[in-house]
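Undergrad: after the sequence you'll find the predicted model.
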Amino acid sequence: MPEKIRVSIGTAALLGLDRCWLDVKPTTAYLMTYTEGSCIANCAFCPQARGSSSRKSLLSRVLWPVFPTGKVLEGLRLRAEGAFSRICIQTINYPGFLDDILSILSAIKEATELPVSLDAPPLERGELEMLRDAGLDRISIPLDAATPELFDRVKGRLARGPYIWEGHLKALRSAVDVFGAGRVMSNLIVGLGETERDAVELIQRLMDIGIRTVLFAFTPIPGTMLAGRPQPPLDAYRRVQLARHLITEGLARFEEMAFNEEGRLRSFGADEETIQRVLRSGEAFRTSGCPGCNRPYYNERPSGPLYNYPRRLTREEAHREAMRMGLRMNE
């Protein structure tokens, strides 16, 4: 069992490990493996990357302080089931990370009955089976980029990283075989240079093999290779969110959608009644991920603008987001 573990600052507050003001409480307990060294990967957007000069207490813009593992487990035992609906373990890539995950997972299962998810680098089928047999509920293996070319640039050879696009896809297919369709996710970061068409096409491709896409907005972090890159336009992100929701809910398909010459969405492939129902609910614009995941302010400041709403939208907010995309929401 590793002696230390990182905990997102919001999770730490709800477990009684730290004190901070929370505008929106996390509905999942977010943990991250701890190592004295760096991640062996070199993802261009990540503070944990091998070549990053960012603070290692960061993942995206969230602070992850270090605590004794035993203290965190005690907090989970006493408070988790009243505060959270799920536990999510993030792991960076380092020698022995799988052994750490297995021991942490075993200890969590003894402390609480909450379901546990994992966000991890590509794993072999036998390793995935070990995790399933140890009680892991769901897994995400993040592609992050929408195309093989972008993947190579931000995670692979051109980023001096160890990853290969096809290797990730192979691991994702194996994960579906092991965990089942709908229980495997892959992260997609919007704003790395893809078109809206690129993003939506990948969302459909993954959905067709049983993988749900988890959307993130690119967030520039000082000290990373992409620190100078701006966040994506909010209207573009909203269109991809809406398309993702329609695809994952079986309400439309990529092939039924229309794009302009620049790859911008101009038709969502669903009838007006369906579009109106989705817009009024606001669900498309909330944080995507495992059931119970809201990741408050992972991609934005609390003051906004919000890329992923960590709570239900008000009617006024839903109307504003529809207008942002040039869509009219009927009363």
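TA: Okay, I see it.
Undergrad: and residue 207, that one's in a strand?
TA: No - Residue 207 sits outside any strand when classified using DSSP: H, G, I helix; E, B strand; the rest coil, being helix.
Undergrad: for it, which non-adjacent residue is spatially closest?
TA: Counting by Cβ to Cβ, 6 or more residues apart in numbering, residue 207 lies nearest to residue 247, which is 5.5 Å off, once chain neighbours are set aside. All C-beta atoms are positioned from the backbone trio N, CA, C, and that covers glycine.
Undergrad: now do the same contact list for that neighbour.
TA: 200, 203, 204, 207, 253, 254 (Cβ atoms under 8 Å, 6 or more residues apart in numbering).
Undergrad: what do you get for residue 45?
TA: Residue 45 sits next to 144, 154, 189, 192, 218, 219, 221, 224, 225, 226 when contact means Cβ under 8 Å, 6+ apart.
Undergrad: hmm, 7 Å instead?
TA: The contact partners of residue 45, taken as Cβ atoms under 7 Å, 6 or more residues apart in numbering, are 154, 189, 218, 224, 226.
Undergrad: what does residue 243 give?
TA: Residue 243 sits next to 200, 203, 257, 265, 268 when contact means Cβ under 7 Å, 6+ apart.
Undergrad: so which of the residues you listed belong to helices?
TA: Using DSSP state H, the members of these that fall in helices are 200, 203.
Undergrad: related to what we said a few turns ago, give me the buried subset of the contacts of residue 45.
TA: Among the contacts of residue 45, those scoring as buried are 154, 189, 218, 224, 226 (criterion: 16 or more other Cβ atoms under 10 Å).
Undergrad: would you check which pair of these lies furthest apart?
TA: Based on Cβ to Cβ, the longest span within the buried ones among the contacts of residue 45 runs between 189 and 224 and measures 12.3 Å.
Undergrad: a markdown table for the contacts of residue 45, including secondary structure, distance to residue 287 and pLDDT?
TA: Listed next are those as a markdown table, based on DSSP: H, G, I helix; E, B strand; the rest coil; distance: Cβ to Cβ, whole Å; pLDDT from 0 to 100:
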| residue | secondary structure | distance to residue 287 | pLDDT |
| --- | --- | --- | --- |
| 154 | helix | 22 | 98 |
| 189 | strand | 14 | 99 |
| 218 | coil | 16 | 97 |
| 224 | coil | 22 | 95 |
| 226 | coil | 22 | 96 |
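Undergrad: and residue 185, bridged to which residues?
TA: According to DSSP bridges, the residues that bridge with residue 185 are residue 140, residue 212.
Undergrad: between the contacts of residue 45, which sits nearest residue 20?
TA: Within the contacts of residue 45, the smallest distance to residue 20 is 24.2 Å, found for residue 224 (Cβ to Cβ).
Undergrad: who touches the residue lying closest to residue 289 once chain neighbours are set aside in this structure?
TA: Of all residues not flanking residue 289 in the chain, residue 214 sits nearest, at 4.8 Å (Cβ to Cβ, 6+ apart). Remark: with contacts taken as Cβ under 7 Å, 6+ apart, residue 214 is in contact with 140, 185, 186, 187, 188, 288, 289.
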